[in-house]
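J.: A predicted structure for the sequence below; I have some questions about it.
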Amino acid sequence: MMSPATATELGIADGELVELEAGGRSVELPVCLLPGQARHSLAVALGYGRTAAGQVGNGVGVDVYPLRTLAAPHILRGVSVRGTGRSHALATTQDHFAIDTIGFAERNARAGTLVREATLDAYLADPHVIHAHDHHPPLISLWKDHEYEGEQWGMAVDLNTCIGCNACVVACQAENNIPVVGREQVLAQREMHWIRVDRYFRTDPGLTMGEVEDAAVVFQPMACVHCENAPCEQVCPVAATQHTRDGLNAMVYNRCVGTRYCSNNCPFKVRRFNFFNYHKELAETTMMQFNPEVTVRARGVMEKCTFCVQRIEAKRIAARNERRPLRDGEIVPACAQTCPTRAITFGDLNDEGSAVSRSREEPRSYATLAELNIRPRTHYLARLSNPADGGAPAHAEGHADDGAHGKESA
Amino acid sequence: MSTSTAADLSYLDNTGTDPAVRARLVVGDNDFHSITEKVCGIVEQPRTPPAWWVLFAISSSLTLVLFAMIGYLVTTGIGVWGLQVPVSWGYAIVNFVFWVGIGHAGTLISAILFLLRQRWRTSINRFAEGMTIFAVVCAGIFPGIHIGRVWLAYWLFPIPNQMLMWPNFRSPLLWDVFAVGTYATVSLLFWYMGMIPDLASLRDRAKTRIRYYAYGLLSLGWRSSNRHWHRFEFAYLLLASLATPLVLSVHSVVSFDFAVSIMPGWHTTIFPPYFVAGAIFSGFAMVVTLIIPTRKIFGLEEIITARHLENMAKIMLATGMMVGLAYSTEFFIAWYSGNRYEAFTFLNRAFGPYAWAYWTMVTCNVVVPQIFWSRRLRNNPAVLWVASILINVGMWFERFVIVVSSLSRDYLPTSWGYYRPTIIDVLTFVGSFGLFFTLFLLFVRFLPIIGMAEVKGVMPQAHLDRPGHRGHGDYHGDIAASEVV
Amino acid sequence: MNEDKSNDIFIFPKWTWVLRPAVAIGAAGGLLYAAVVVTFGFSPWATDVGYAPVQPVPYSHALHVGQLGMDCRYCHSAVETTAHAAVPPTQTCMNCHSMIRAASEKLIPVRESYATGMPVEWVKVHDLPDYVYFNHSAHVRRGVGCVSCHGRIDTMEVVTQVEPLSMGWCLRCHREPERHLRPLEFVTQLDWVPGEDQLALGRRLREQNDINPPQDCSTCHR
């Protein structure tokens, strides 16, 4: 990892293979540009390039132990970096930092409205400060509103407590039989995660891409938000995605013929398509890991977050069998169950006392892209920060280095 | 038959602008018989020309490539294409819209120009209709194969079933199924019905038993009686009136696929007229691309005259300007709406990663047709031919820009992507051209490519009962002394 | 055109006149035939109803339920609490058969299974597709009788599928549950007939137990 500013200085492009040399030993590694890496420093990870780690680990990455010495087990000074001109495709689920100029500018301009933040002082002065951006024409729908008699589910994600750890992603993958598609498919932008943690860098205004050195990171867990006016539902020609009586945006795999129109029309791009039969070559023992309560999807069908409908139905049937109403907090989707900071709340929006309804009442509550009149069921609670100077989130200025070419941390 | 020598070709030029002289739609020393001889002669050549075999070998090989690609796709999965999230529609939909667009010219020429009494249509309508059918065949393949589970495509049709499920009538894709299906049916009927009298001519001139029976069956017992002609013309008029709204509806409905969505760059109310204009533009370009070599090879310059080409160039100029207007309107509205997403989409089209596609499109579709302002250039078949090919390229890129560049960067920047077609994508597209040209070559070889009966109807000889009213009614020029029958 | 009236012209011979109505009838009839074949031939009524596979043990429901009067829940014990009705383990068979007909040849697979611990491999008769999540407890606890889906098991020597178990068939009941509701105590009684009009009873039970079967996709497909 290298900061964009350092890369510009050294004339190195994102994904370029570089030769690191220290003390006569050298390794060759691809560069991943990442703002926030201190200037003139590099971070490389130990533990890759293994030879006896089995199917998953063998031949992945580069072994950097040759650079590690007893004298400098963690931080290595005086490393020289030489670009080779060759490049290596790094499989990441999000766009690399490197992007063209207009995309960079637009991304920075949008991040603030998508992932909302305020300082504590600003929030105390005006609790509705995060809604300052909300300007849109009246939202009128062509369709009749759905009516809800029983429950209607909703989710709240607190960006204040979310630490971006991706545990929800893994939990969801395990719960919902989501295929692991591998490097080539990820490079082809076909990762299958139903929930992902969207990451934006907040850079200082006026900087061009190559000048960025430090940046604040904001993130937002993003899964299907189960829009009340779901754009996907209207365009599916075979009605394979439909609204349920409890407000879910249900995806019916066995009805889906795979036109992918729903994915095109999804403003959040949370729908995932089975481009191949990803489960075909799994060992029988691996198949036995699958959750029997969730359909294993075949190729050619779309899939997406269901709010863990299998858990909802299981609890609902159990409660009905016992002739009692569902309790708030009884139904917990896999992501919420796993979240170490309890950033995700799930519950009944028709129940005024439910945790999710109460979090809706908070002034921090907002819905991403609400101006499209899609009325998402997942709301976010804006992040509040309390920086030392009370103003804009602080950016450490210039990690003045001592002239050494870099350091290595493990 | 023309009696002129090759040295003096000036008689072929009927592009004059003198308002006092009504231009002739068939030039040279032609009468009814010579028209029949010329047009039927193409089909009746005893030996198929070697050039035809060469072209047929190439195009049918490409057709096999298409079928191989489809086979690979169906057995392996949509993943063999370059699609991904966010760009879930790529070449297949681009090709679909491209081919449907091309399929516009035929019915426009046959139906709308017929109702508007544009008599010059007669020389090219059969040809254009045939092209329409073949383009719609190519277009029809793509929506079928682009779905993830092809074997369930029948779920798109409202067939009663054990699931008690109907398709979703709110979905523009379903409207597409109906619009394109209706258009293909009516176009096919129109084309076939118009061909019946000419098939009867071929039948009557048949020298072999196979031809005799084949054309005999196809001409449905046409006897050329007054009653037949009366009914034929009435039916033709009816079909023309039925087809006219379809010309406008089919591409409007195709444009709804995009306009009804909420994607910036798609969600645009100008799409229906913009798509229809673009479709006519590309349809005429394809007619010109095919007709220039055809008339040259088969010596049909006296029937498909310079004036026909000029008229088509003028239509391309007009529709090209409409398309250009649509491009600029989109940009203006993107800015004027104040919608940040809309504005960025268009900025991104022109200056983002797909700028190369955008500027190819603008150059081919807006800049190239401007040469048709020049009378000299638009009357030069070579220039016209090259320009028409460029327009086809441009129109393909227009659909590429609309479909791909809009999808690649929508609302959430974290989901932005860049679509790259795979070799399978490209070969499928190339293969669809193979299918198109295969069908076209078969058409040229076995069916009358010019509506003889209709061309004869606009020749001066057809109006001997109404002599002398220059500039009135159906009178189409003087009969030269040498042509008196 | 076609001024040429020579006798060599192609004429449809007279016998082809009969073809015109024949083609019309053939086209219409063919369409009708195709529609009928597709509607009935491909429907689960034709393809699934009557499925009666040979089981590894010739277990007779007619004997055990019909004659001996055993309750469904003796063997299918989980039917009221879980999604699956549970095919009984060999131990359940051996509760009786360790003493009754303990030497029967027909029971050899059962005794083998009991000795080895390997389950008897019963063949599933009422088999829904893997993407369908049917929950027995949700139906049995609302008063849908076993007989509504499984038929008169108590008369079957070999278990046979009598209902199509198609989506439309499920939906019909979810739209009109009153046709099948019965008092909870009679759920497993296969030969029970209502003492009054089924519709009136069904409506009353529906009201009483607040039964509103959902018709959402996610009710069965997850």
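T.: Sure thing, it's come through. This one's a predicted model, so the numbers in the text were calculated from it and none came from an experiment. Residues are numbered from 1 along each chain as shown, chains lettered A, B, ... in the order given.
J.: hey, let's count contacts and neighbours off CA atoms from now on
T.: Noted.
J.: Contacts only, for the residue most central in space within chain C.
T.: Centroid-nearest residue in chain C, with Cα atoms, centre = their mean: residue C:163, separated by 3.2 Å. Contacts for residue C:163 (Cα atoms under 8 Å, 6 or more residues apart in numbering or on different chains) come out as C:45, C:49, C:149, C:150, C:151.
J.: Please repeat the previous calculation with a cut-off of 6 Å.
T.: Residue C:163 is in contact with residue C:49, counting by Cα atoms under 6 Å, 6 or more residues apart in numbering or on different chains.
J.: how close does it sit to residue C:146?
T.: Distance, residue C:163 to residue C:146, by Cα to Cα, to the nearest Å: 12 Å.
J.: Can you check what pLDDT the model gives the residue nearest to the centre of chain C?
T.: Model confidence at residue C:163, given as pLDDT, is 93.
J.: Helix, strand, or coil at it?
T.: Applying DSSP: H, G, I helix; E, B strand; the rest coil to residue C:163 yields a three-state assignment of coil.
J.: near chain C, which residues of chain A show up?
T.: A:244, A:250, A:294, A:295 (Cα under 6 Å from any Cα of the partner chain).
J.: so of those, which ones are in strands?
T.: Under the assignment DSSP state E, the residues of chain A next to chain C contribute residue A:250 to strands.
J.: Where do the helices of the chain begin and end?
T.: In the absence of a named chain, this looks at chain A. Assigned by DSSP state H, chain A shows helices spanning A:4-10, A:54-57, A:101-114, A:120-125, A:167-175, A:183-187, A:231-235, A:261-264, A:284-287, A:309-321, A:334-338, A:355-361.
J.: Oops, wrong one, chain C.
T.: Taking DSSP H as the test, the helices found in chain C are C:19-36, C:44-47, C:61, C:72-75, C:90-97, C:108-116, C:136-140, C:146-150, C:167-175, C:198-209, C:217-220.
J.: Which one of those lies nearest to residue A:307?
T.: helix C:217-220 (11.2 Å; Cα to Cα).
J.: what's in contact with that closest one?
T.: For helix C:217-220, the external contacting residues (Cα under 6 Å, 6+ apart) are A:250, C:132, C:133.
J.: ok, now which ones touch the first one?
T.: Contacts were defined as Cα under 6 Å, 6+ apart; by that measure residue A:250 touches A:241, A:242, A:243, C:218.
J.: Compare these and tell me which is most surrounded.
T.: When the contacts of residue A:250 are compared by neighbour count (other Cα atoms under 10 Å in any protein chain shown), residue A:241 ends up highest, at 27 neighbours.
J.: which residues does that residue bridge with?
T.: In this structure, residue A:241 bridges to residue A:251 when assessed by DSSP bridges.
J.: Enumerate the residues of chain C near chain A.
T.: Within chain C, the positions near chain A by Cα under 6 Å from any Cα are C:131, C:216, C:218, C:222.
J.: Just the buried subset of the residues you listed, please.
T.: Among these, those scoring as buried are C:131, C:218, C:222 (criterion: 16 or more other Cα atoms under 10 Å in any protein chain shown).
J.: Skipping adjacent residues, who's closest to the first one in space?
T.: Leaving aside its sequence neighbours, residue C:131 sits nearest to residue A:295 (Cα to Cα, 6 or more residues apart in numbering or on different chains; 5.3 Å).
J.: Could you report the separation of the one you found from residue C:220?
T.: Residue A:295 sits 11 Å away from residue C:220, going by Cα to Cα.
J.: Comparing these two, which residue is more hemmed in?
T.: Legend: neighbour count by other Cα under 10 Å for residue A:295 and residue C:220, higher for residue A:295 (20 against 17).
J.: Under the pLDDT cut-off, which ranges of the chain? List them.
T.: If you meant another chain, say so; for now it's chain A. A:96-98, A:390-410 (pLDDT under 70).
J.: Chain C, not that one
T.: Residues of chain C that meet the cut-off, pLDDT under 70, sit at C:1-9.
J.: And it, split by domain according to the record?
T.: What automatic domain parsing lists as the domains of chain C is C:20-46, C:51-86+C:124-220, C:88-121.
J.: right, so the ones you listed: which one is the most enclosed?
T.: Burial of the domains of chain C is given as mean neighbour count (mean count of other Cα atoms under 10 Å in any protein chain shown); domain C:51-86+C:124-220 ranks first at a mean of 17.
J.: count of residues packed around residue B:137?
T.: Residue B:137: 20 surrounding residues under other Cα under 10 Å.
J.: ok, it to chain C distance?
T.: From residue B:137 across to chain C, the span is 23 Å (Cα to the nearest Cα, to the nearest Å).
J.: Remind me what the helix or strand containing that residue packs against, helices and strands.
T.: In the assignment (DSSP states H and E), residue B:137 maps to helix B:122-146. Contacts defined by 3 or more Cα pairs under 6 Å, 6 or more residues apart in numbering or on different chains; DSSP states H and E place helix B:122-146 against helix B:91-102, helix B:104-107, helix B:452-457.
J.: what's the most buried one of those helices?
T.: The highest mean neighbour count among these, using mean count of other Cα under 10 Å, belongs to helix B:104-107: a mean of 30.
J.: gap between that one and the chain center?
T.: Centroid separation for helix B:104-107 versus its chain: 5 Å, with Cα atoms, centre = their mean, to the nearest Å.
J.: Only the buried residues of stretch B:442-449, if you could.
T.: Within stretch B:442-449, the residues scored as buried using 16+ other Cα under 10 Å are B:443, B:444, B:445, B:447, B:448, B:449.
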